[in-house]
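J.: have a look at this fold, sequence not included:
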């Protein structure tokens, strides 16, 4: 089930139908598996319920650390960092995403590394660090291509690169 309708060209955030996200959240509310916790974090985040998302993301990281795989833990840490980002804690999100990206690349997990780099870029973009955002998006694109990602995923990375480049050349309002 893909709840993402598209991406806002200015903020790069997911465009969703809140009613569909709420329905899905109610569907999985009582599930405690790692994939369900990760999905709940994302749903809460896109619904702008950031306090709830933070609590569930911390629970997901703990559960993945205790009972999941290393890949589960890295995915949980990326989602936790995206919640931090949306709450405005860009430095903490930057650090977490950089560590996840480095570890995933070191393990040869291109998909997770690309996911981490894409979100690292989004965090930098939100923080106004457009050159860093562009570099992270380019790294994500490279890793996605190497992993044989579909055209839709490549297009998302290309649009993000484009957005960061546009922001770099926009005149600063005084």
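T.: Cool, the structure landed. Just so it is clear, the structure is predicted and the values come from calculations on it, not from any experiment. Numbers count the residues shown, from 1 in each chain.

J.: in which helix or strand does the spatially most central residue of the chain reside?
T.: Central residue of the chain (CA atoms, centre = their mean): residue 119, 4.1 Å from the mean position. Assignment of secondary structure by DSSP states H and E places residue 119 within helix 110-126.

J.: again with residue 15
T.: strand 14-16.

J.: which strands border that strand, and is each parallel or antiparallel?
T.: Here strand 14-16 is paired, per DSSP bridges, with strand 4-7 (antiparallel).

J.: now residue 14, nearest residue through space, not along the chain?
T.: Leaving out its chain neighbours, the residue that sits closest to residue 14 by CB to CB, 6 or more residues apart in numbering is residue 4, at 4.9 Å. Just so you know, the C-beta spots here come from the backbone N, C-alpha and C atoms, and that holds for glycine as well.

J.: how about low-confidence regions in this structure?
T.: Judged by pLDDT under 70, the chain has its weakly predicted residues at 1, 171-174.

J.: which parts of this protein are helices?
T.: Listed in chain order, the helices found in the chain under DSSP state H are 18-28, 34-46, 50-67, 70-86, 90-107, 110-126, 130-146, 151-169.
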